[in-house]
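J.: for reference, the sequence and a predicted model appear below.
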Amino acid sequence: MPHRDPLYRRHRFPAEIIAHAVWLYFRFPLSLRMVEDLLAARGIIVSYQTIRQWAEKFGRTFANEIRRRSSGQLGDKWHLDEAAISIRGKKHWLWRAVDQDGFVFEVLVQSRRNAKAAKRRRRKLLKSQGRAPRVMITDKLRSYDAAKREIMPGVEHRSHKGLNNRAENSHQPVRRRERIMKRFKSPRHLQRFVSIHDPIANLFHIPRHDITSSHHRELRSAAMNLWAKIARS
């Protein structure tokens, strides 16, 4: 039976299987071949190349919808950090912004770590969020100071390595995926992956340390229900 949703038109697999494959790939540090094996264990025979196509097409659609639904719900304290990523022997920088609750709201891959790169990132942040933060927390990279003076002069800026663990920890899922994928193939590949991965990770980002087990299960169930709703829309 053909799908009524235009998004799934001309795809022979049901929407539930496609959405589940995309969820597995972005929710957990799995390679495409691992996802292929997990589906095969349930009698679903699909190649890893097809899963890659699903991840790019449907993952982007799902991530955009999650981003749209979460617009305006992020905190007013921004943690900014950058991590070095080696791509084909050349160092690139993955700039990342998270709020005080650990939700990632912006990622940008650049080849430089200087003041010009930091300014570009600030402008992109302001444009995407539509507002400036109350507080901005960074490490002691001097490029942040130069960008702050020009782009966000009225924002409180706290520069201290120990205060920025939240942003530094947010790099860990990408590091794990980098090992699984045996490095990213290009800056564009990395940017495409994180722009899909992070919104999906935000949906399932549920704190465990300060809530009861029953509350955690309720939040997890709500996230799964929302994911199913987004995948069907």
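T.: Noted; the coordinates are in hand. Numbers count the residues shown, from 1 in each chain.
J.: domain ranges for the protein?
T.: Domains of the chain are assigned by automatic domain parsing as 6-69+205-232, 77-184.
J.: do you know which of those lies nearest F193?
T.: Counting by C-beta to C-beta, F193 lies closest to domain 77-184 out of these; the figure is 7.0 Å. For glycine as for every other residue, the C-beta is placed from the backbone atoms N, C-alpha and C.
J.: now that closest one: average pLDDT?
T.: Averaged over domain 77-184, pLDDT sits at 86.
J.: extract the C-alpha set from stretch 23-42 and format it as CSV.
T.: Taking Å, rounded to 0.1, in the frame of the first residue of the first chain, the C-alpha atoms of stretch 23-42 are listed here in CSV:
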residue,chain,number,x,y,z
TRP,A,23,16.5,6.8,15.4
LEU,A,24,19.0,4.0,15.9
TYR,A,25,21.7,5.7,13.9
PHE,A,26,21.4,9.1,15.5
ARG,A,27,20.4,8.1,19.0
PHE,A,28,23.2,5.6,19.6
PRO,A,29,26.9,5.5,18.5
LEU,A,30,26.3,2.9,15.8
SER,A,31,27.7,2.6,12.4
LEU,A,32,25.5,2.1,9.3
ARG,A,33,26.5,-1.5,9.1
MET,A,34,25.6,-2.0,12.8
VAL,A,35,22.1,-0.6,12.2
GLU,A,36,21.9,-2.9,9.1
ASP,A,37,22.6,-5.9,11.4
LEU,A,38,20.1,-4.8,14.1
LEU,A,39,17.4,-4.5,11.5
ALA,A,40,18.4,-7.9,10.0
ALA,A,41,18.0,-9.5,13.4
ARG,A,42,14.3,-8.5,13.2
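J.: kindly list the longest helix within the chain.
T.: The residue-count maximum for a helix in the chain (DSSP state H) belongs to helix 48-69.
J.: now that one: buried residues?
T.: Buried residues in helix 48-69, counted by 16 or more other C-beta atoms under 10 Å: 48, 50-51, 54-55, 58-59, 61-63, 65-67.
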